[in-house]
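Chemist: my questions concern the predicted model and sequence given below.
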Amino acid sequence: MKQILIIIFLSYSISWSQVYMSIKNKDGTTQSFNIEEVRKLTFSVGVWNGIDGEIIGNAIKSFTLLQNYPNPFNPSTTIEYQIPKAGDVEVNIYNITGQLIRKIESSFKNAGSYKVVWNSRNDFNQSVASGIYIFYVKYNNSFLTKKIILIK
């Protein structure tokens with residue numbers, strides 16, 4: 001059965017390489033690309049320049065904090081945030097009682113999307129206990145928080 005699936009997949013791949021992809025732009029125009037020429041597709045709210053997958057202009061409209069993933073996690077989790085304009089950013093982890101556990105980041109950032117990883121360790125590089133934690137992202141004078149669950 002596996003051999004049949006591989007043969008079907010190869011056959012599909014050969015016919016796929018001769019297909020063109022059309023992209024409709026916001027202004028109503030359409031661009032077509034041979035699938036073989038497309039190296040990377042990036043989907044975003046921004047303006048896309050075509051084959052290179054580069055986003056032109058800043059599409060981020062507001063300060064946003066996404067839910068970490070995975071959640072629950074062990075031993076590390078990824079935190080994503082977006083900022084619309086350049087500014088000072090802090091990313092901290094607190095325990096449920098409000099005690100600072102880890103200062104992950106404190107720096108000036110340009111507008112854009114960012115990811116940081118927390119490895120479930122405190123500022124002294126000690127592993128923390130299972131439980132609920134709060135991640136806090138401060139951007140200029142605003143802040144957003146979300147809960148993280150660490151299960152060991």
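Modeler: Thanks, I have the structure now.
Chemist: ok, and what's touching stretch 125-143?
Modeler: Residues outside stretch 125-143 that contact it (C-beta atoms under 8 Å, 6 or more residues apart in numbering): 63, 65, 68, 75, 79, 81, 83, 87-96, 101, 118, 120-122, 144-152. Where C-beta positions appear, they are placed from N, C-alpha and C, glycine not excepted.
Chemist: out of the residues you listed, name the ones that lie in strands.
Modeler: 65, 79, 81, 83, 87-95, 101, 118, 144-150 (DSSP state E).
Chemist: hmm, which of those residues are the buried ones?
Modeler: 65, 79, 81, 83, 87, 89, 91-95, 101, 118, 146, 148, 150 (16 or more other C-beta atoms under 10 Å).
Chemist: closest one of these to D27?
Modeler: I83 (28.0 Å; C-beta to C-beta).
Chemist: who does that closest one form a beta bridge with?
Modeler: G112 (DSSP bridges).
Chemist: so who does it touch?
Modeler: 60, 63, 89, 109, 111-112, 114, 139.
Chemist: just among those, which is most surrounded?
Modeler: Y139 (21 neighbours; other C-beta atoms under 10 Å).
Chemist: what are the bridge partners for that residue, then?
Modeler: Under the criterion used (DSSP bridges), Y139 bridges to V89, S142.
Chemist: any idea how far it lies from V89?
Modeler: Counting by C-beta to C-beta, to the nearest Å, the gap from Y139 to V89 is 5 Å.
Chemist: now for these two: what residues contact both?
Modeler: 81, 83.
Chemist: flag the shaky bits of the protein, pLDDT-wise.
Modeler: 1-26, 31-59 (pLDDT under 70).
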